[in-house]
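In: Pasting a predicted model and its sequence here:
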Amino acid sequence: MKLSANFSLGELTKSETAIRKGIDNSADEIVTAHLQALVDNVLQPVRDKFGSVRVTSGYRSPLLNSSIGGSKTSHHCYGFAADFEVVGKDNRELAIWIRDNLEFTQLILEFYTAGDPNSGWVHCSYDAQDLRKQVLTATKVDGKTKYVTGIV
């Protein structure tokens, strides 16, 4: 099922972990509607601006999310979020562009290393009922994920 000119439902529900572990990661109608809004408001505008977008994690069923150690309140579990990169684009620059140009619920620059444009990835969620534009940076400190406000 196509969600836009450049994104399919399969692309946003595919998970190597789910395949390996035999976990059903199918999206129901509600999750599909949330993914459609995410594509319309975040992913397709990023694609239109920068070119090829590689989604590394989209929808995660609760069982899949649990199996990878994801947060129980993760926006991925509702179809509101995706982790992605743009081929050839520095992830920090991508996060700044999204912050400055799009509406969103939460934007996280995850595990980016300054000076290494290919490090980390961008997490962005879109819930039309909660467009708070929260911006965070996630880093590892003593083996634990630490979040700080803003893009650092």
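Out: Okay, I see it.

In: for stretch 113-124, which positions count as buried?
Out: Gly120, Trp121, Val122, His123, Cys124 (16 or more other Cβ atoms under 10 Å). Backbone N, C-alpha and C define where each C-beta goes, glycine included.

In: Please identify which of those residues is nearest to Lys89.
Out: Val122 (9.6 Å; Cβ to Cβ).

In: which residues does the closest one contact?
Out: Asp83, Phe84, Glu85, Asn91, Leu94, Ala95, Ile98, Leu107, Ile108, Leu109, Glu110 (Cβ atoms under 8 Å, 6 or more residues apart in numbering).

In: Of those, which is the most crowded?
Out: Greatest neighbour count in the contacts of Val122, by other Cβ atoms under 10 Å, goes to Leu109: 26 neighbours.

In: Doesn't that residue belong to a strand?
Out: Yes. Looking at Leu109 with DSSP: H, G, I helix; E, B strand; the rest coil, it is inside a strand.

In: oh, and call the first residue 28 from now on, that's how I've got it
Out: Okay, using 28 as the starting number, the last item reads as Leu136.

In: returning to what we had before: quick check, nearest of the buried residues of stretch 140-151 to Val66?
Out: Nearest to Val66 among the buried residues of stretch 140-151, with distances taken as Cβ to Cβ, is Cys151, at 11.3 Å.

In: Okay, and the closest one sits in which element?
Out: Element membership for Cys151 (DSSP states H and E) is strand 148-152.

In: Give me the sheet partners of that strand and which way each runs.
Out: Paired neighbours of strand 148-152 in the sheet (DSSP bridges): strand 108-113 (antiparallel), strand 133-137 (antiparallel).

In: Out of the ones you listed, which is closest to Asn52?
Out: That would be strand 108-113 among those, by Cβ to Cβ, at 13.6 Å.

In: gap between the nearest residue to Trp124 once chain neighbours are set aside and Ile57?
Out: Nearest residue to Trp124, sequence neighbours excluded (Cβ to Cβ, 6 or more residues apart in numbering): Lys76, at 7.0 Å. Distance, Lys76 to Ile57, using Cβ to Cβ, to the nearest Å: 29 Å.

In: returning to what we had before: what's the spacing between the strand holding Cys151 and its chain's center?
Out: 4 Å (Cα atoms, centre = their mean, to the nearest Å).

In: and after it, which helix or strand comes next?
Out: strand 161-168.

In: If anything else comes up later, I'll come back, but that's it for now.
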